[in-house]
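*Asks:* Coordinates for the following, if possible.
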Amino acid sequence: MNKINFATIYFLFLSFFVMSISTILSIIVYILFLPLGKMRAQLPSHKVARLWGFFTMALVFPKINIEGIENYDKNKTYIITINHQSMFDILLFLKVLDGKYSFVAKDTLFKIPALGIGMKFAGYISVERGTIGALKSIDDMSDRLKNNWSVLIFPEGTRSYDGEIKFPKKGILKISERFEDIEILPIVCFGTKNIMRTKTLHTNLFQTINIRFLKAFKMKDIDGDNNEKLKYWYDIMCKNYNDIRM
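*Replies:* Below is the predicted model:
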């Protein structure tokens, strides 16, 4: 059993407070802007979610180093792909990334009362297990991309237990095939696993996080079959991950 340290108690208490306030604000702004249309109502809720990420990340006092931010244009539409180390990844990139984008996350997160409500009103996309659930999530991503919202996905499909980057699932291919002219933006992250590791609530403060934005590319421009296209993503992510890791 993991020992509960002071940092864990401190973080869980204050983060629950921040999440609750953010959820209430998200509901309020969504209702206020709903007469303008569902998609327009989701944008202010997304901005509230960004505040949630900003203040929650501030609770753990991280040192965040960012490289290659010039490769990201907040006014463009991307399929944003990030390696997945910790539940803090979502919070981190809500803080770091400006612009319009929808997170794609497992349906289990949407079942957490306050968190799930906030994510739903912000227009984030739930991925359910099974073929039907996967197809629905692809349709939901398509809807966002058609409306000039970027989608942010974790191609590995789940958090990495050891922090190492895993070979991506085929979902990234399916959405890139539908929108072959939308660029894929790879982002490599190292350090969130040191704040809170997988399958534990044990929290560590004052950790260093390194982020590197890589150059965007179109999957259709990568030679080879589907496996080789996935390997291209995997190889550039691993190479840069090894560069920024401590």
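*Asks:* Please make it C-alpha for all contacts and neighbour counts, starting now.
*Replies:* Noted.
*Asks:* In this structure, which residue is most central in space?
*Replies:* residue 90 (4.3 Å; Cα atoms, centre = their mean).
*Asks:* list the buried ones in the helix or strand hosting that residue?
*Replies:* Applying DSSP states H and E as the criterion places residue 90 in helix 88-96. Within helix 88-96, the residues scored as buried using 16 or more other Cα atoms under 10 Å are 88, 89, 90, 91, 92, 93, 94, 95.
*Asks:* Check stretch 58-73 too.
*Replies:* So, applying 16+ other Cα under 10 Å, buried residues of stretch 58-73: 58, 59, 60, 62, 72.
*Asks:* Same question for stretch 213-224.
*Replies:* 213, 214, 216, 217, 218, 219, 220.
*Asks:* so what's the second one up against?
*Replies:* Meaning residue 214. 68, 71, 185, 186, 187, 188 (Cα atoms under 8 Å, 6 or more residues apart in numbering).
*Asks:* What does it show for phi and psi?
*Replies:* phi -90, psi 170 (degrees, to the nearest 10).
*Asks:* quick one: pLDDT of it?
*Replies:* Residue 214 is assigned 98 on the pLDDT scale.
*Asks:* Report the backbone C-alpha coordinates of stretch 80-99 in CSV.
*Replies:* Taking C-alpha atoms only, stretch 80-99 is exported to CSV below (Å, rounded to 0.1, in the frame of the first residue of the first chain):
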residue,chain,number,x,y,z
ILE,A,80,-2.3,16.9,-31.7
THR,A,81,-0.6,13.8,-30.5
ILE,A,82,1.2,13.5,-27.1
ASN,A,83,2.8,10.6,-25.2
HIS,A,84,0.9,9.6,-22.1
GLN,A,85,2.7,9.4,-18.7
SER,A,86,0.3,10.5,-16.0
MET,A,87,-3.2,11.8,-15.3
PHE,A,88,-1.4,15.2,-15.0
ASP,A,89,-0.9,15.2,-18.8
ILE,A,90,-4.4,16.6,-19.4
LEU,A,91,-3.9,19.3,-16.7
LEU,A,92,-0.5,20.2,-18.0
PHE,A,93,-1.6,20.8,-21.6
LEU,A,94,-4.7,22.7,-20.5
LYS,A,95,-2.2,25.1,-18.9
VAL,A,96,0.3,25.1,-21.8
LEU,A,97,-1.8,25.0,-25.0
ASP,A,98,-3.8,28.0,-26.1
GLY,A,99,-6.4,27.8,-28.8
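*Asks:* contacting residues around it?
*Replies:* 49-54, 56-57, 74-75, 103, 150-156, 158-161, 163, 165, 184-193, 195-198, 237.
*Asks:* what's the distance between that stretch and the middle of its chain?
*Replies:* 4 Å (Cα atoms, centre = their mean, to the nearest Å).
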